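1. Okay, predicted coordinates and the sequence, questions at the end:
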Amino acid sequence: MSALRTLVIDPLGILFPGDYKARALKDLATEVCRRFFVFGKEDSLEKLLDSRIRVQLESPHVRWPPIMELVALTIRDFGQREKISITGQHLRELLEFYKDKLVEHASLSQEALQFLEWVRNNGIQVVVVANMDKEILDRLMAKAAAEHLIALSLAASQFGVGMPNPLMVEYALLYARTGPHEAVFVGSSPYHNLNVAKLLKMPYLHFGKAPEGLDLVAHPDLESLRSHLGRLFAEAPASG
């Protein structure tokens with residue numbers, strides 16, 4: 001049995017597209033303007049939504065921001081500015097629209113599913129940790145029929161804080177009964193992921209373009225990542 005037991009992975013940009021939030025916000029801004037007959041303001045609403053959410057998500061994460069509440073408040077502010085009446089029912093409908101678009105644009109690819117199957121077939125459990133709402137993460141995994149490939153999926157909304165706070169990953173390791181030396185963290189963000197790995201003294205593999213100024217080996221695609229992990233699986237010393 002391999003001493004390497006657990007793969008902790010942040011799915012953003014690895015298992016699903018990194019631009020899914022931006023695409024969903026664009027669709028939401030277009031829908032708001034279409035529904036209330038506000039013409040030519042789609043871009044400004046999109047930028048307003050994006051800036052307010054980005055400020056919250058890129059903060060030191062003292063607490064996880066209630067994203068859906070923030071989106072609703074931004075839409076209501078936009079309505080007041082444009083002198084249109086947006087009721088509570090309108091907001092509920094628009095938030096459901098936004099959630100649907102998040103799930104639509106964050107769909108797991110067949111390649112990502114095959115990667116997860118390959119990890120599981122090597123006897124390594126997968127824990128997903130994501131700076132997102134649990135409802136969206138669960139819907140996404142259910143849509144992809146990927147639940148059986150994941151030992152545990154955790155979202156920042158469950159903990160009140162997101163990465164780079166290490167709480168979510170610490171819980172994942174505790175759940176998996178895995179020490180940091182028995183796990184590998186795969187991520188695409190030096191700020192959100194690498195910082196957590198350093199704090200917990202976990203091996204870290206970077207996915208995507210190599211960050212400037214950091215001495216990291218980057219894996220541009222899942223095939224490269226799979227090749228590296230395959231070597232780690234093979235080289236890990238036997239336990240027991």
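-> Here it is on my side, so go on.
2. from what I can see Ala144 touches Ser107, true?
-> Yes. Assessed by CB atoms under 8 Å, Ala144 is found in contact with Ser107 at 6.8 Å. Yep, even glycine has a C-beta here, placed from its N, CA and C like the rest.
3. Just give the closest residue to Glu104, not the sequence neighbours.
-> Nearest residue to Glu104, sequence neighbours excluded (CB to CB, 6 or more residues apart in numbering): Ala24, at 7.6 Å.
4. make that Phe39, sorry
-> Cys33 (6.9 Å).
5. what about that neighbour, how many residues close to it?
-> 20 (other CB atoms under 10 Å).
6. I'd like the mean pLDDT over whichever strand or helix holds it, please.
-> Using DSSP states H and E, Cys33 sits in helix 20-35. Mean pLDDT, computed over helix 20-35, is 96.
7. Packing partners of it?
-> helix 42-57, helix 67-82, helix 88-105 (3 or more CB pairs under 8 Å, 6 or more residues apart in numbering; DSSP states H and E).
8. Which residues does the first one contact?
-> What it means is helix 42-57. Here helix 42-57 makes contact (CB atoms under 8 Å, 6 or more residues apart in numbering) with 21-22, 25-26, 28-30, 32-33, 65, 67, 70-71, 74-75, 77-78, 131, 162.
9. rerun that using 6 Å as the cut-off
-> Leu25, Lys26, Ala29, Thr30, Cys33, Pro65, Leu70, Thr74, Phe78 (CB atoms under 6 Å, 6 or more residues apart in numbering).
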